[in-house]
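>>> can't give you the sequence, but here's the structure:
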């Protein structure tokens with residue numbers, strides 16, 4: 001056997017509207033987004049991953065304000081999603097068990113501790129909402145690939161810094177390379193882009209922020225990607241802090257990304273994008 005490696009990285013928005021009410025979007029925008037997702041799905045399938053490290057944020061499905069880690073690594077054999085039948089109907093994803101790559105999750109958790117990161121450990125019991133279910137409906141519709149779910153706090157301050165998130169991604173690459181059980185691993189980061197959650201601005205999209213972020217993401221320069229201040233991100237909404245999951249994915253590969261789709265879709269409440277690393 002050979003040491004593992006990250007063979008691809010992909011990022012995508014996870015607005016529940018993408019699957020729950022796609023028909024509300026402008027038809028051309030909907031086609032563009034779905035085409036981007038389809039291209040990403042085909043690229044992932046062609047990479048033949050043994051496992052997927054799926055990075056997203058917490059929507060208070062598993063954690064709460066009294067227990068909200070900066071990072072958390074799950075090590076379950078399977079994961080229920082969506083968390084309730086009502087959520088399944090809301091996002092139009094059939095409730096089912098997603099397979100887990102438990103051994104890889106445990107390895108990543110141990111490796112993170114040895115690398116001066118201190119993520120929380122979730123030994124089974126994690127459930128999914130739109131954070132994973134919406135993008136995976138497009139990217140892995142048959143739930144073929146075993147997952148290591150990783151949560152990054154992108155919903156409530158204090159947040160891990162952009163650089164800390166990028167460095168966490170770099171650590172993931174080293175962790176994958178330090179084991180042999182899973183030779184081909186893909187990273188998927190989900191969240192963002194600009195949007196406001198539970199605020200009067202909900203439905204607003206900051207297209208200027210989104211396009212600037214995607215330009216930096218395309219370029220891949222870590223200095224520019226991690227230069228955001230809290231005020232910079234706040235200008236694109238409290239939900240824009242989910243770009244931290246994209247930064248983890250970027251750090252895992254340290255290359256630029258092809259932007260497969262970007263559309264400002266107020267009907268989905270989100271600046272909606274899909275991207276793939278140029279490996």
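Received, thanks. Everything numeric here is computed off the predicted structure, so don't read it as measured data.
>>> tell me the SS of residue 263?
With DSSP: H, G, I helix; E, B strand; the rest coil as the basis, residue 263 sits in strand.
>>> who's it bridged to?
With DSSP bridges applied, residue 263 shows beta-bridge pairing to residue 272.
>>> so which elements touch the longest helix seen in the chain?
Counting residues, the longest helix in the chain under DSSP state H turns out to be helix 27-47. Other helices and strands packing on helix 27-47, by 3 or more Cβ pairs under 8 Å, 6 or more residues apart in numbering; DSSP states H and E, are strand 5-12, helix 130-139, strand 184-190, strand 257-265, strand 270-277. Yep, even glycine has a C-beta here, placed from its N, CA and C like the rest.
>>> which one of those lies nearest to residue 200?
Evaluated over these, closeness to residue 200 peaks at strand 270-277, with 16.2 Å, by Cβ to Cβ.
>>> now do the strands in the protein.
Along the chain, the segments classed as strands by DSSP state E run 5-12, 51-56, 71-74, 78-81, 96-99, 120-122, 147-152, 184-190, 257-265, 270-277.
>>> so what's residue 97 bridging to?
residue 80.
>>> hang on, isn't it packed against residue 80?
Yes - counting by Cβ atoms under 8 Å, residue 97 does reach residue 80; the two are 5.9 Å apart.
>>> neighbour count: those two, which is higher?
Neighbour count, other Cβ atoms under 10 Å: between residue 97 and residue 80, residue 80 has more, with 15 against 12.
>>> what residues are up against the more buried one?
Residue 80 is in contact with 95, 96, 97, 98, 127, 128, counting by Cβ atoms under 8 Å, 6 or more residues apart in numbering.
>>> burial of the fourth one, as a residue count?
Okay, so that is residue 98. By other Cβ under 10 Å, 23 other residues sit near residue 98.
>>> could you do the fifth one as well?
The burial metric for residue 127, expressed as a neighbour count using other Cβ under 10 Å, is 18.
>>> residue contacts, it?
Here residue 127 is in contact with 61, 62, 79, 80, 81, 82, 83 (Cβ under 8 Å, 6+ apart).
>>> quick check: the third one vs residue 126, distance?
Distance of residue 79 to residue 126, given as Cβ to Cβ, to the nearest Å: 6 Å.
>>> same thing with the last one?
Look at residue 83 and residue 126: by Cβ to Cβ, they are 10 Å apart.
>>> give me the spatial nearest neighbour of residue 267, chain neighbours excluded.
Here the nearest residue to residue 267 in space, its sequence neighbours aside, is residue 24; by Cβ to Cβ, 6 or more residues apart in numbering that works out to 4.1 Å.
>>> can you name the two of the contacts of residue 127 that are farthest apart?
Every pair of these checked by Cβ to Cβ; the farthest is 62 and 82, at 12.8 Å.
>>> looking at those two, which one has more neighbours?
residue 82 (26 against 20).
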